[in-house]
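K.L.:
sequence first, then the predicted structure:
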Amino acid sequence: MACTNFEKEYKNEMRAVQDSMDVLNGKWKIAIISSICYYSKRRFSDILDDIDGISNKMLSKELKELELNKLIKRTVLDTQPVTVQYELTEHGYTLQTIIQNLTEWGIRHRKEILGK
């Protein structure tokens, strides 16, 4: 039985959703992107302070994955001691609207569930 155009479009859209989830999966990636997005440029220690519960090792791992996916750029500054700074790439900034929508949804959801 041949797929209809609707079914093909649906499968392509579901593949795109899965691709997005593969890149942004895990507990920390969206929080890391949010931290960098709101401040434009962040040092490792700043991101670590922004995100409750993340370890140095996990933050380092997640930053490397985000860099591999071309969402963030890592810059080593010529300072003493050496400072590493992270910022969103042009491609990473395409997530800004999504982050804002998630923020707004999260605020509404918290009010819905907790009444706050």
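P.N.:
Happy to help now that I have it.
K.L.:
so where is this structure shaky, pLDDT-wise?
P.N.:
Where the chain drops to pLDDT under 70, the residues are 1-3.
K.L.:
count of neighbours near Tyr39?
P.N.:
Neighbourhood size, Tyr39 [other Cβ atoms under 10 Å]: 14. C-beta coordinates here come from the backbone N, C-alpha and C atoms, glycine included.
K.L.:
switch to numbering from 247
P.N.:
Yes, from this point I'll number from 247; that puts the last item at Tyr285.
K.L.:
now for His355, how many residues are close by?
P.N.:
Close neighbours of His355, defined as other Cβ under 10 Å, add up to 11.
K.L.:
quick one: it from Lys307, how far?
P.N.:
Per Cβ to Cβ, to the nearest Å, His355 is found 28 Å from Lys307.
K.L.:
all strands for the chain, in order.
P.N.:
For the chain, the strands defined by DSSP state E occupy 287-289, 318-323, 329-334.
K.L.:
could you name the helices and strands sitting against the last one?
P.N.:
I take that to be strand 329-334. With contacts taken as 3 or more Cβ pairs under 8 Å, 6 or more residues apart in numbering; DSSP states H and E, strand 329-334 sits against helix 275-285, strand 287-289, helix 290-296, strand 318-323.
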